[in-house]
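In: Give me coordinates for this.
(one chain, ligands or ions: 1)
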Amino acid sequence: MQGHGSISREGSSSISSSSVDAPTPRCHCGVTSPIRTAWRSNYPGRRFYGCSGYGTSRKCSFFQWYDPEPPAHYSDVIRRLLETNECIRSENTELKKTRQELLDELRHLQQSVHETRAELEVAIAASMDMEDNMVASVATTRRRGVVIIVLISVIVFVDLIALALCF
Ligand SMILES: [Zn+2]
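Out: Here you go, the predicted model:
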């Protein structure tokens with residue numbers, strides 16, 4: 001019963017403060033007032049008539065609610081939603097920043113991989129040249145070794161023959 005009374009009281013006060021059915025008012029400047037939405041008031045989202053020169057050098061304090069006064073609970077809910085929205089927005093900004101940083105890092109890593117690959121290719125080509133040279137060098141050394149062994153064998157053989165002829 002008490003709840004119903006308070007609801008009907010709010011309802012009637014809403015209607016009395018409402019200007020929905022009234023003709024569009026003119027502000028102190030004599031200009032038709034546009035409907036704006038109040039976000040930083042106790043009733044976030046509640047619309048009002050204000051001066052069309054609001055925010056300019058025109059000093060006109062005209063103000064008249066357009067929407068009826070909403071129940072306090074609605075304003076609380078809207079305020080909480082606005083706060084949540086603000087949190088999500090700042091998280092989104094943070095995520096975009098992190099994404100950009102990661103993309104920059106990825107680009108640096110790709111550049112680094114590219115450079116390292118080029119250096120490795122040069123090093124591999126150089127080591128293959130070196131290997132070819134070593135193989136050729138080993139073959140030459142082996143040939144010289146064979147020649148020296150043959151020469152020693154010949155000298156030893158000649159010495160043996162000379163020794164045999166002496167006796
Ligand atoms: Zn005005």
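
In: Okay, helices next: where are they in this structure?
Out: With helices called from DSSP state H, the chain shows them at 2-17, 72-166.

In: tally of neighbours for C87?
Out: Around C87 sit 10 other residues, with neighbours defined as other Cβ atoms under 10 Å. C-beta coordinates here come from the backbone N, C-alpha and C atoms, glycine included.

In: To clarify, my last question referred to S52.
Out: Burial of S52 is recorded as 17 neighbouring residues (other Cβ under 10 Å).

In: Now distance to S57 and mean pLDDT too, for the helices of the chain, in CSV please.
Out: Converted to CSV, these look like this (distance: least, Cβ to Cβ, whole Å; pLDDT from 0 to 100):
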stretch, distance to S57, mean pLDDT
helix 2-17, 30, 36
helix 72-166, 30, 96
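
In: who wins for proximity to the ion among those helices?
Out: Each of the helices of the chain was scored for nearness to the ion using Cβ to the ion, and the closest is helix 2-17 (20.8 Å).

In: And stretch 42-55, end to end?
Out: Terminal residues of stretch 42-55 lie 20 Å apart, using Cα to Cα, to the nearest Å.

In: any chance of the helices of the chain in JSON lines, plus distance to the ion?
Out: Below are the helices of the chain laid out as JSON lines (distance: least, Cβ to the ion, whole Å):
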{"stretch": "helix 2-17", "distance to the ion": "21"}
{"stretch": "helix 72-166", "distance to the ion": "27"}
